[in-house]
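Asker: mind looking at a prediction? Sequence and model below.
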Amino acid sequence: MDESGLNQSSKKHKLNEEQGIVDGNTKCLENLPEEILRYIISLLPTNDAVRTSILCKRWEYLWTSIPNLGFKIGSKAKRKLFMNFVERVLLLHDSSDIKQFILYCDVLHDGDASRIKAWISSAVRHNVQELVFKLNISEEQFSLPHCLFTCVTLTKLRFYIPCVLKLPPTIYFTNLKILSVRNVTFSDDHSTQKLFSGLPVLEEMFLVDCIWVNLTAVSISSPKLHCLVIIDDEENSNDEDGCQVMIFGPGLKTFTYYGPLCNDYCLYNSCSLERVVINFDPRKTARQVAYRMYRLLSGLSTVKKLKLSSGAVEGIDLSVNCKNADAILDPVPPCFLSHLRCIKVYCCAEVQNQLLHPLVGQVLEVLSFRFSCLFLNLPFLAGRLRVHCSGITSTLMRPEG
Amino acid sequence: MKFCTVKQYFDDENNNNVTNGIATTVIPLPNKHLKIKANNKEMEQYEQELLRNVMPQELTKLILAANYLNFKEALDFFCRTVANAIQNKSVDYVRKFFGLESDFEPGEEEKLCKEFAWSFEGVDED
């Protein structure tokens, strides 16, 4: 009690003392210690952070240690200003690490390309951890600086480069966990395989709208990969032969595919696989495509949850009913009988019962349909199976008894 | 753990000569700590409240107190409040907010403006 009394009086004393100081000094925020000011600046978007240099002399270089840099080009008219700005910021940035570097820019001619490569090299030299770039390139091919591909500090890399990407001879991303490649045209088997093999600790991979026409066979085999998403564009499915993509995924838990199955995707050794989404629209009912669907499903040995588009279900039908000499022995992929617990079919207009028959195994517990299902006749269903229908109209017919 | 630090601060204060005026803010600070642990929506509302009612001077004290007490979440929160307050605002606004005056030579300021011209696009007028 006494102690608190003492505290009270000493505080009062300080208050009075201070009152005088406070009244005279209105520049309180400015008197924050430098590290705190730098921290506040680091929370701002890059443009705002750099603008603080103009506040007063003390602030002129406070921003130069910001760890996250983001540059997104706006209107084309301000292009020159934008390029000069990025250049200047990188020049003035001090030697502290750049954690995140984001660049959205267009590359109109060679001069731009060499500048952008210099910027990326600069980020790598600053031990960048997360690199995101979206480059609108008007050239046919583009190459990134070699130092990027051996960057030790990089953990996340996302790029959108809509042209042929020339890859360097040595690719090894010691710490890369997430890789997202968009709209890239792979140039040849050898270098693409180098890329897929140089990812020792990769956990998530996204290959979106890539162009595989120049490839014949590649394999993806990162041991720690647990999530793989491949999205192919409808328009790029001109190639009849396609590329053979072998996916070795001992640690793979989820696999998602959207597209026309223009390549032959096969999963091997995927004993951890739990959830698979296949959205396939068989515009071309080519036998080859059906065969690819079958091959894809054959690799799903332990999958528990399978989400299929109606097109995928049709694709299964095609593959199951292949009466060709080329067709493989067992028509039904083994996983469906022993592991598959839940099937979700979405975007279906009409589902014929016989299409689903091969999928229904002993352990199937949930069969779920979304959007409009016009007619369902499922006589083969066991009693314990729960069927959900959600959508516009659904008519479910079940067997008597 | 946090209350121990606060108690220790009180003890220290008796012994050291801490004169940066943190005293007035330390008492309300624990209440604010509890508020900060609330969900995001409440935090946003609190941030708005802070900006409206608390003068920059008070905010300084809060930041310094959080820093002294090594209370990272509070420090982070108050700094973000400041950052959000000055985002996309004009140079004059930010100067007023921090209580700064330009000490550049007449030509220097314009030179800086020109160098970083792109970043001045689309800034809020006062």
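Answerer: Happy to help now that I have it.
Asker: can we go C-alpha only for contacts and neighbour counts from here?
Answerer: Will do.
Asker: A:Ile137 and B:Tyr68, how far apart?
Answerer: 51 Å (CA to CA, to the nearest Å).
Asker: oh sorry, the question was meant for A:Val132
Answerer: For A:Val132 relative to B:Tyr68 (CA to CA), the value is 37 Å.
Asker: cool, and A:His109?
Answerer: 53 Å.
Asker: now do the contacts for A:Gln129.
Answerer: Residues in contact with A:Gln129, defined by CA atoms under 8 Å, 6 or more residues apart in numbering or on different chains, are A:Ile98, A:Lys99, A:Gln100, A:Thr153, A:Leu154, A:Thr155, A:Lys156.
Asker: and which of those residues is nearest to B:Gly99?
Answerer: A:Ile98 (29.9 Å; CA to CA).
Asker: ok, that closest one touching A:Ser122?
Answerer: No - using CA atoms under 8 Å, A:Ile98 makes no contact with A:Ser122, being 9.4 Å away.
Asker: comparing those two, which residue is more hemmed in?
Answerer: Neighbours were counted for A:Ile98 and for A:Ser122 using other CA atoms under 10 Å in any protein chain shown; A:Ile98 has more, 23 against 17.
Asker: check contacts around the more buried one.
Answerer: A:Ile98 neighbours (CA under 8 Å, 6+ apart): A:Ile66, A:Pro67, A:Asn68, A:Leu69, A:Ala123, A:His126, A:Asn127, A:Val128, A:Gln129.
Asker: cool, A:Lys78 as well?
Answerer: Here A:Lys78 is in contact with B:Trp118 (CA under 8 Å, 6+ apart).
Asker: which stretches of chain B form helices?
Answerer: B:2-15, B:23-26, B:29-36, B:40-53, B:56-68, B:72-86, B:91-98, B:106-115 (DSSP state H).
Asker: ok, now how distant is A:Ile120 from A:Val128?
Answerer: Distance from A:Ile120 to A:Val128, by CA to CA: 9 Å.
Asker: who has more neighbours out of the two?
Answerer: Using other CA under 10 Å, the more surrounded residue of A:Ile120 and A:Val128 is A:Val128, with 25 against 22.
Asker: got the phi and psi for that one?
Answerer: phi -60, psi 140 (degrees, to the nearest 10).
Asker: can you check A:Val276 too?
Answerer: According to degrees, to the nearest 10, A:Val276 has phi -130, psi 140.
Asker: tally of neighbours for it?
Answerer: By other CA under 10 Å, neighbour count at A:Val276 equals 22.
Asker: got a list of what it touches?
Answerer: A:Thr254, A:Phe255, A:Thr256, A:Val303, A:Lys305, A:Leu306, A:Lys307.
Asker: now swap in A:Lys156 and tell me
Answerer: Contacts of A:Lys156 (CA under 8 Å, 6+ apart): A:Gln129, A:Glu130, A:Leu131, A:Leu176, A:Lys177, A:Ile178, A:Leu179.
Asker: tell me which element the last one is part of?
Answerer: Spelled out, that is A:Leu179. strand A:178-182 (DSSP states H and E).
Asker: report the contact partners of A:Val213.
Answerer: A:Thr185, A:Phe186, A:Asp239, A:Gly242, A:Cys243.
Asker: what's the burial count for the fourth one?
Answerer: Put plainly, it is A:Gly242. Other residues close to A:Gly242 by other CA under 10 Å number 21.
Asker: domains for chain B, by residue range?
Answerer: The record's domain parsing of chain B by automatic domain parsing lists B:1-87, B:88-126.
Asker: do you know how far A:Phe159 is from A:Leu199?
Answerer: 16 Å.
Asker: out of those two, which sits in the more crowded spot?
Answerer: Between A:Phe159 and A:Leu199, A:Leu199 has the larger neighbour count (other CA under 10 Å), namely 24 against 19.
Asker: which residues does the more buried one contact?
Answerer: A:Tyr172, A:Phe173, A:Thr174, A:Leu176, A:Ser222.
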